[in-house]
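Student: with the input below, show me the fold.
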Amino acid sequence: MLNLNLQQQNAVKFIDTPLFVLAGAGSGKTKVITSKIAYLIDKCGIKASNIVAVTFTNKAGKEMQARVKTALSSKQTRGLTVATFHTFGLKIIRKHCKELGLTANFTIADSQDVLDLIASITKKDQNEDKEKIVAIAQKISNWKNQLVTPDTALSTAKDDLEQQQALSYQEYQRILTAYNMVDFDDLISKPVYLFKTNNDILKIWQYKVHYLLIDEYQDTNIAQYELVKTLIQHSGKLTVVGDDDQSIYSWRGANPNNLTMLQQDYPSLRVIKLEQNYRSTTTILQSANALIANNSHLYDKKLWSELGIGDKIQVIKCDNEEKEAERVAAEILTHKLRMQTRYNQYAILFRSNFQSRILEFKLQEYAIPYQLNGSVSFFSRAEIKDIMCYLRLLINPEDDNAFLRIVNTPRRELGPVTLAKLSDFARVSKLSLVQACEQVDLSKHLTSKHIKKLTDFTNWLQRLRQLLSNSDQPLAIIKQLIAESGYEDFIHKHSNSHKQAESKIKNINLLLSNIERRLSSIETTDDDINAQENTVEKVISSLILQDILERQEEEQQQDKVQLLTIHASKGLEFNHVFIIGVEENIIPHKNSIISEDIDEERRLMYVGITRAKKTIALTMAASRRIANEAVDSLPSRFIDEIPENMVDFNGFCAENSKELKKQVAKSGLESLYQSLNM
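Tutor: Below you'll find the model as predicted:
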């Protein structure tokens, strides 16, 4: 409590009724949540095993757990649940899979699995019809996030397109059930369905959860709100922390109206505002306040800081997008040399990914190291996806997407034509691919040679599956699977170099180490809900979920300028921030201008500005090339919404790029000379 301000202390101590902590950017919300968890355990006598804290990212969850564990003993924190919404949902489903029509070895469909299933249902080509397939997947996801069932979607379809999408939804859900699979959205919608249809199970979880805390509440969708509402009902044991000004994810289902619904459903709701910012200068905060004041608010707030006035907001106008990228590169290099900073203190934010392309070329030209957010994650590497599919098929023989990926990897003389015939036979027979391999009638469609290849493969997996079920050394069985598959030889044969092959094998060994660590660290408790066997099934399911959650969460520790979208920057902070392309039709986006829905775009700009701790620069181009034609651009309306006395139109350095390069080179040589003579 000694490290909390008065409002933070009030938020920690208040437990009488539901509480909404309106936490502005940089106001210490994570500190409040972790302090409240410690307070509930240490001062209120609530067991850690009866407290659930829900976040939106693994990174936030890990940070919360680490902070709580530094404040309390390991005995006090035993059984504490700090998880993402989807991890918490998975825990509920795994405990009650039978009631949901699933078996214990169900698997989670990742994004590619979903697209594969939809492509097979609609008989569309994933290369030629990718946009249509993605659109159907997004529509199904939206329906699930809004708790709309396939039957309801079909009965309320507005036109032929939506009717076809609803029919695809029906078939998609039927196949998921048949394959003993759930998708990412099911991890929320299925627990909601379970709680609403089975009062006995609901009571078990209501007894289990004595206090619930939710981070980033403004990002919740309808299904997540219903999960919370059903679980808590009228107990009042709830604290939600969020900021309506940072609600920027409506495009992926987040529902800003959840704040209004919270007030309506809980009339005794207490609101505590955290307005002191510990991140940014006064100028940055006053500029952000002035900008966001143009939006309507359920609750007003004004961020303030004790970190000093700071530099003005830099607004830099360039002739075109190439000059803009060059100017940003030069500004960073000049500022770095003058201020003796590091590259990782700088971030370049943009509204859309296409803006990063020319920027990368200019950063390379200036020899500025950079990290583009969203690069290939560990679990997205081909060798890891292959091994994960082997493991998925090992625990769930009905996982057709995993089967198709690895049945011919390494090569088993089972080409696309053979697999297409097998898939057609399985679909008509309403069987999984593994089941189809065992059918006598398959001989009418495939040669005896191919049938033998398939049955050898499925029998081999079945043998390993039986070994796994009877073994107390599951990792040894997994290593046996990899060795017998011939996968390492396959890597060596199909890698460009020995070094590349060794790197891929090293990645597989890292995966095995991860599995081993997870198997040894799964804790069981006397609590029936927490007590689970140390199963490979659980470990693999958790790895699949981790893959889905962490694709965009890889932490970069190197000294590089960070390039990322404004959306991806939420929750992060940097000493020096550049937001490029601050123009009409970019931010605000042209679609928002056409629909006259600017509020979320303004919130997005607000998020971008409040990422900065010390300086921020907004850049724009007088013209941009669209379809190989230069088109005039207009400055974003958001620049006019920042008070004029807080803006400087000069930038950190001169406009002339050639002169800039000379200055930078000279500064660099002088800096090197000084360091050598210290």
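Student: and residue 230, how far from residue 619?
Tutor: 47 Å (CB to CB, to the nearest Å). C-beta: built from backbone N, CA, C; applies to glycine.
Student: go on, residue 274?
Tutor: Taking CB to CB, one finds residue 274 at 31 Å from residue 619.
Student: do residue 406 as well
Tutor: 47 Å.
Student: higher neighbour count, the two?
Tutor: residue 619 (25 against 22; other CB atoms under 10 Å).
Student: can you classify the more buried one by secondary structure?
Tutor: Classification of residue 619 using DSSP: H, G, I helix; E, B strand; the rest coil returns strand.
Student: which residues touch it?
Tutor: Going by CB atoms under 8 Å, 6 or more residues apart in numbering, residue 619 touches 315-318, 324, 327-328, 578-582.
Student: narrow those residues to those in helices?
Tutor: 324, 327-328 (DSSP state H).
Student: would you double-check that residue 631 falls in a helix?
Tutor: No. Residue 631: not assigned to a helix; according to three-state DSSP it is strand.
Student: what's across from it in the sheet?
Tutor: residue 624 (DSSP bridges).
Student: could you measure from it over to residue 493?
Tutor: For residue 631, the distance to residue 493 - CB to CB - is 50 Å.
Student: same check, this time on residue 639
Tutor: 57 Å.
Student: which one's more surrounded, these two?
Tutor: When residue 639 and residue 493 are compared for neighbours, residue 639 comes out ahead with 18 against 11, by other CB under 10 Å.
Student: doesn't residue 582 make contact with that one?
Tutor: Yes. Judged on CB atoms under 8 Å, residue 639 makes contact with residue 582 at a distance of 6.2 Å.
Student: buried sites along stretch 159-177?
Tutor: By neighbour count on 16 or more other CB atoms under 10 Å, the buried set for stretch 159-177 is 165-169, 172-173, 175-176.
Student: inside helices: which ones of the residues you listed?
Tutor: Filtering these for helices - DSSP H - leaves 165-169, 172-173, 175-176.
Student: among those residues, which one sits closest to residue 510?
Tutor: Using CB to CB, residue 176 is the member of those that lies nearest residue 510, at 30.4 Å.
Student: correct me, but that closest one touches residue 182?
Tutor: Yes. With contact defined as CB under 8 Å, residue 176 counts as touching residue 182 (6.5 Å).
Student: find the residues that touch each one of these two.
Tutor: residue 109.
Student: and residue 461, what is it in contact with?
Tutor: 393-394, 397, 434.
Student: neighbour-wise, which of the residues you listed leads?
Tutor: residue 393 (28 neighbours).
Student: surely it and residue 403 touch.
Tutor: Yes. Contact criterion CB under 8 Å: residue 393 and residue 403 qualify, at 5.7 Å.
Student: next, show the common contact partners of these two.
Tutor: residue 434.
Student: sorry, back to before: let me have the ones in helices among the buried residues of stretch 159-177 in TSV, extended by distance to residue 592 and pLDDT.
Tutor: TSV is the format used below for those (distance: CB to CB, whole Å; pLDDT from 0 to 100):
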residue	distance to residue 592	pLDDT
165	24	93
166	28	93
167	31	94
168	29	93
169	28	94
172	30	93
173	33	93
175	36	90
176	34	91
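Student: for this structure, give me the ranges with low pLDDT.
Tutor: 1-2, 126-127, 374-378, 521-534, 546-557, 627, 650-678 (pLDDT under 70).
Student: quick one: the strands in the stretch 451-600 of the chain?
Tutor: With strands called from DSSP state E, counting those that start in this stretch, the stretch 451-600 of the chain shows them at 561-565, 574-579.
Student: tabulate those (JSON lines), appending distance to residue 106 and mean neighbour count.
Tutor: Shown next, in JSON lines, are the strands of the stretch 451-600 of the chain (distance: least, CB to CB, whole Å; neighbours: other CB atoms under 10 Å):
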{"stretch": "strand 561-565", "distance to residue 106": "33", "mean neighbour count": "22"}
{"stretch": "strand 574-579", "distance to residue 106": "41", "mean neighbour count": "24"}
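Student: now the ones you listed in TSV, with distance to residue 243?
Tutor: Compiled in TSV, the strands of the stretch 451-600 of the chain are given as follows (distance: least, CB to CB, whole Å):
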stretch	distance to residue 243
strand 561-565	19
strand 574-579	18
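Student: returning to that earlier point: what touches both of residue 639 and residue 582?
Tutor: 315, 618, 620.
Student: so which of those is the most crowded?
Tutor: residue 618 (28 neighbours).
Student: residues in contact with the nearest residue to that residue once chain neighbours are set aside?
Tutor: Take residue 618 and drop its neighbours on the chain: the residue closest to it by CB to CB, 6 or more residues apart in numbering is residue 582, 4.4 Å away. By CB under 8 Å, 6+ apart, residue 582 lies in contact with 315, 605, 618-620, 635-636, 638-639.
Student: closest one of those residues to residue 122?
Tutor: Among the contacts of residue 582, and counting by CB to CB, the member closest to residue 122 is residue 605, at 38.0 Å.
Student: hey, C-alpha coordinates of whichever strand or helix holds the closest one in CSV?
Tutor: According to DSSP states H and E, residue 605 maps onto helix 599-609. The C-alpha coordinates for helix 599-609 follow below in CSV (Å, rounded to 0.1, in the frame of the first residue of the first chain):
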residue,chain,number,x,y,z
ASP,A,599,-14.8,7.7,-32.5
GLU,A,600,-12.8,4.5,-32.6
GLU,A,601,-10.3,6.0,-34.9
ARG,A,602,-9.8,8.8,-32.5
ARG,A,603,-9.4,6.4,-29.7
LEU,A,604,-6.8,4.6,-31.8
MET,A,605,-4.9,7.9,-32.2
TYR,A,606,-5.2,8.5,-28.5
VAL,A,607,-3.6,5.1,-27.8
GLY,A,608,-0.8,5.9,-30.2
ILE,A,609,0.0,9.2,-28.5
